[in-house]
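>>> after the sequence you'll find the predicted model.
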Amino acid sequence: MPNSPNKLSRFWQELKRRKVIKVIAMYAATAFIIMEAGDIMLPRLGLPDWTVTFIIVLLIVGFPITIILSWILDVTPEGVKKTDFMDLAIETELPLEPKKRKLRAGDVIIVVLIVAVGILAYPKIFINDKFEDVRDADGRISIAVMPFENLTGDTTLNWFQRGISTLIINGLGNSSELAVRDDHTMYEVIESMNQVYTAGISQSQAREVAKKVRAETYISGSYQGREGTYWILANLIDTESGEIIWTDKVEGDLKSSEYLDLASSLCDKIKDYLEIQVLKQNVDYDFREAYTESAEAYRYFIEGMNSILTLDYESSIESLKKALENDSTFALASFYIAYAYAFDVIHDYQPEQRNIWIQKAYMTKDRLQSEYQLLLDMWYAIFISKNLQEIATYCSLLEEFEIESRLYWFNLGVTYSYFLHQYDKSIKAFEKVEEINLERGGDWKYVNYYYFYGSALHNAGKHEKEKEISEIGAKLFPDWARITMNQATCALWQGDTIEANLYLRESKSICIKFGFSKSWIEVSLGSIYQEANIIDQAEVHFRNAYKLNPLFIDAISSLANLLIDNDINVDEGMELIQQGLEIEPDDPGLLQAKGWGNFKRGKFEESIQLLRMAEEKSFEFNYDLYQKIQEVEQILASRN
């Protein structure tokens, strides 16, 4: 320990001898001057912000390199040489005598650097920035409003140059998503630049003002026209690039009280546009393209879409209807109201409401981009026109777009699987969702995706992948019975009865937990065995469901279809259907089953009539029904 101070002293002497301390001081001062000069000059030369950052990074990287070089090398009258090591023993015994030092060029440079640093640092340390409090809250868009230019030629309207900007500032100021620079601040900044606040200013001056008040965007504009008809034009401009990112105008009479309405209308348009941009920054990418100009409508749309992902369809419909109250032409809101009605199978299934909302969305589809128009066309073909060729055509066209929306590809995947039975194409659409998940670094928290993807994989015979997808879904949604039912089906198909029984018990337990009826549970268990092609066990559960509730249409239809399709007992199946039709005479599923029962009995004329009646009564395209009609028509055609 006694030697430590001595070693430290020697090291310090060595640093001074090698001029490392002097180099550090000169490097720091020079770097500070370069950074300050760059910060002032580079933006004025039109160079991007990253240029200044790049210079700072270079200076940071150069610092340790400079220190190392100053330790190793020395600049002498003979040139740059490697510095010799000090003989510490000689230095201890024969201390150097102090010499009178002469003024050197290096000393002058150091003095100049110190003066320059002092000049640049003085305002930062001793002069308060009068705009220091003009800062953006996190996530808000900062905006400045410039005086408008009077292009009417009427000097009596000069007061409106400041009046319109003040009205817009006050109107935008009540938005929680915007950080608006106040009127007083704008007045002080423009005055400090020797400009008159009530006069129009050039675009270069406007950008300079916006930079001084640290606004990401600014509004500039003008008003023109003549007696009775005037136009107020406004441009929203990106401060950094100087590019116009939005423009609009309003029309009316400035020489009456109507000018207040004009300013309010223009302000609302600006506010809606900016608030939508802020909302887009904080919302899931799937909901960013909404195609509405109302921020309030967009807020309700986001609420509704989040409710769809959590399967809270009632809340979703309520929020999306509020979105439409704020924007009656909001086509995508109408579309997803229909979507909510289509997928809400747990509550009262309302296909009539679904189809009404699809037609409402279809009426305003021109508000959407082409790919979303096609998506709406596809739904229209499925639920309204019920045309197979149209569905297939729209699906094929939709595949060509590179949309980064998981709901878009989910829709396509469900259509290919459920309505067209084209499972390989369905899987490709679901794989697009997987790709997007990887890009965004996480699994999609939407249970229907795992259910329908798993079903498509099962029907395509890809059971290992089916098992993998179902396991991810079960991990994310442990209390969702449809996922565990998929797992049970997969295990039964693969012959793993032990694992299948575990999933069956789990599915039943979840259903009981959420209050499903015993008859409904038995129908669900029967469907699992039917999907796994274990017909005898499916029949047992369907019969149990029917015994528990003989009026339950799903139990009647499931058992009757099983008996007829598998030629187990066509007569009993037809008797069950007749019972069901007494309860629901227009039920398309029962009409289809009766038509197919007549086909099995060889009554082809009666069969085709019932099948076509079922098609007419159906609220959507039914691929199984379509195939049965084709089969019966072929037989009738061959007979004729």
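Yep, it's here. Numbering: from 1, shown residues only.

>>> outline the domain layout of the protein.
Domain assignment for the chain, taken from automatic domain parsing, gives 3-126, 141-278.

>>> rank the ones you listed by pLDDT, which is bottom?
Among the domains of the chain, domain 3-126 has the lowest mean pLDDT, at a mean of 63.

>>> give me the contact list for the helix or strand that contains Asp261.
Using DSSP states H and E, the secondary-structure element containing Asp261 is helix 258-281. For helix 258-281, the surrounding residues in contact (CB atoms under 8 Å, 6 or more residues apart in numbering) are 139-141, 143, 160, 163-164, 167-168, 171-172, 175, 177-178, 217, 219, 232, 234, 236, 246, 248-254, 288, 290, 292-295, 298-299, 302. C-betas here are computed from N, CA, C, even on glycine.

>>> repeat that with 6 Å
With CB atoms under 6 Å, 6 or more residues apart in numbering as the contact definition, helix 258-281 has outside contacts at 141, 164, 167-168, 171-172, 175, 177-178, 232, 234, 246, 248, 250, 252, 288, 293-295, 298.

>>> how many neighbours does Tyr341 have?
Summarising burial for Tyr341: neighbours were counted as other CB atoms under 10 Å, giving 23.

>>> with Thr497 instead?
Residues near Thr497, counting by other CB under 10 Å, number 12.

>>> residues in contact with it?
For Thr497, no contacting residues are found, by CB under 6 Å, 6+ apart.

>>> can you pull out the strands in the stretch 151-300 of the chain?
Read by DSSP state E, counting those that start in this stretch, the stretch 151-300 of the chain holds these strands, from start to end of the chain: 178-180, 217-226, 229-238, 244-252.

>>> no wait, the chain
If you assign secondary structure with DSSP state E, the strands in the chain sit at 73-76, 79-82, 141-145, 149-150, 178-180, 217-226, 229-238, 244-252.

>>> so which bits of the last one are buried?
Think strand 244-252. By neighbour count on 16 or more other CB atoms under 10 Å, the buried set for strand 244-252 is Trp246, Asp248, Lys249, Val250, Gly252.

>>> try stretch 252-267
Of the residues in stretch 252-267, those buried under the neighbour-count criterion (16+ other CB under 10 Å) are Gly252, Leu254, Tyr259, Leu262, Ala263, Ser265, Leu266, Cys267.

>>> look up how far Ile169 lies from the first one.
When you say that, I think you mean Gly252. 20 Å (CB to CB, to the nearest Å).

>>> returning to what we had before: Gly461 is nearest to which of the strands of the stretch 151-300 of the chain?
Closest to Gly461 of the strands of the stretch 151-300 of the chain, according to CB to CB: strand 244-252, at 51.3 Å.

>>> who does the closest one touch, helix- and strand-wise?
Counting contacts by 3 or more CB pairs under 6 Å, 6 or more residues apart in numbering; DSSP states H and E, strand 244-252 is packed against strand 229-238, helix 258-281.

>>> in its sheet, what does that strand sit against?
Strand pairing for strand 244-252, determined by DSSP bridges: strand 229-238 (antiparallel).

>>> could you dump the partner strand to CSV, C-alpha only?
The C-alpha coordinates for strand 229-238 follow below in CSV (Å, rounded to 0.1, in the frame of the first residue of the first chain):
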residue,chain,number,x,y,z
THR,A,229,-67.6,33.6,-51.6
TYR,A,230,-64.2,33.0,-50.0
TRP,A,231,-62.0,30.0,-49.7
ILE,A,232,-59.7,29.2,-46.7
LEU,A,233,-56.9,26.9,-47.7
ALA,A,234,-54.7,25.1,-45.2
ASN,A,235,-51.6,23.0,-45.6
LEU,A,236,-50.2,20.7,-43.0
ILE,A,237,-46.4,20.6,-43.5
ASP,A,238,-43.7,18.3,-42.1
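
>>> residues contacting that strand, please?
When contacts are taken as CB under 6 Å, 6+ apart, the neighbours of strand 229-238 outside the stretch itself are 217-225, 244-247, 249-251, 254, 262, 266.
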